[in-house]
Structures are given as structure tokens and as C-alpha cells.
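Trainee: Task: produce atomic coordinates for the following.
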Amino acid sequence: GINAEYGAGVEDAGPPSLYFMDYLASMVKEKFAAHGYGSFFILSTLDRYYKEDMTKDEAIDLLKLCIREVQSRFIVNLNAFSAKIIDKDGVTEVGDIPASGTVHKDVPKEAIHPELIARA
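Mentor: Below is the predicted model of the structure:
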């Protein structure tokens, strides 16, 4: 089942909005959001560095900072993350954001699918 949903949009000519809604239909407007286990690691980063008037480049830099934070705490990390920008012009691919692709020191590399491990 779905535990939570996010919705974003622009009403008329107003500023963009982001909403969080849980499975009981409780809804709240948010400045930023994160979901799942990784949110435990990055909400404090978003709280500290998010600004209302961020440029797209600043937002991508903040996303990269969040990715580094998640990667420093998860046992297995991915090589790249995909990102898209949704704005008044539609959906724009940011492209892959390279990541460290490291594996926690206690996990044998042969136990991890080869596509998840960065190539040396």
C-alpha cells in the first residue's frame, strides 16, 4: 500500500507548491520533502541549506549534498542518481548525478550485484 504521497503544482499564476499527504488523507504544505529510509539522513541537510529563492543550480547542488549524505550512511551505494526538474516549462532531465558507488567496508564485494559497484 501507499503510506504517503507528494503533490506539487502551480495554482493560476502563483508560486509553486509542494504538499505531503499521508494514508489518512492528512495534508500539509511543505517547503521541501523526503520520503523513505533516506529521509532520516537528509531532512536535517534540507532544513539547514534550503532557501526559498534557490536557483536551479543551487537546488541541484543541494541534491548532490543530500546524495553524499545518504551514501555516507547506507551499506550499498549506487553509481548515479537520476533527477528531473518540474517547472512551468514542463519536465527537464537533469541527467545522471554521479555518486561514489562505494560499498560499506564490512560487505564483501562479491555479495553485491556488479551493476551497483563503481567500476575502478
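
Trainee: Tell me both backbone torsions, phi and psi, for the nearest residue to Arg73 once chain neighbours are set aside.
Mentor: Leaving out its chain neighbours, the residue that sits closest to Arg73 by Cβ to Cβ, 6 or more residues apart in numbering is Phe41, at 5.1 Å. Every residue, glycine included, has its C-beta placed from N, CA and C. Backbone geometry at Phe41, expressed as degrees, to the nearest 10, gives phi -90, psi -30.

Trainee: Spit out the contact partners of Phe41.
Mentor: Glu69, Val70, Arg73 (Cβ atoms under 8 Å, 6 or more residues apart in numbering).

Trainee: so where's the protein shaky on pLDDT?
Mentor: The chain contains residues with pLDDT under 70 at 1-4, 9-10, 75-77, 100-120.

Trainee: Could you rerun that using 90?
Mentor: 1-30, 33-41, 52-53, 56, 60, 64-120 (pLDDT under 90).

Trainee: now Gly90, which residues is it bridged with?
Mentor: Per DSSP bridges, the residues bridged to Gly90 are Asp87.

Trainee: shift numbering so it begins at 39
Mentor: Fine by me, first position is 39 from now on; the one you just mentioned is Gly128.

Trainee: So it versus Met92, what's the distance?
Mentor: Distance, Gly128 to Met92, by Cβ to Cβ, to the nearest Å: 19 Å.

Trainee: quick one: the strands in the chain?
Mentor: 42-48, 54-60, 65-68, 118-125, 128-136 (DSSP state E).

Trainee: Please convert the ones you listed to TSV, extending it with mean neighbour count and distance to Tyr88.
Mentor: TSV is the format used below for the strands of the chain (neighbours: other Cβ atoms under 10 Å; distance: least, Cβ to Cβ, whole Å):
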stretch	mean neighbour count	distance to Tyr88
strand 42-48	12	15
strand 54-60	13	11
strand 65-68	11	10
strand 118-125	13	16
strand 128-136	11	17
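
Trainee: got the ones you listed as JSON lines, with distance to Asp99 columns?
Mentor: Listed next are those as JSON lines, based on distance: least, Cβ to Cβ, whole Å:
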{"stretch": "strand 42-48", "distance to Asp99": "20"}
{"stretch": "strand 54-60", "distance to Asp99": "19"}
{"stretch": "strand 65-68", "distance to Asp99": "20"}
{"stretch": "strand 118-125", "distance to Asp99": "12"}
{"stretch": "strand 128-136", "distance to Asp99": "10"}
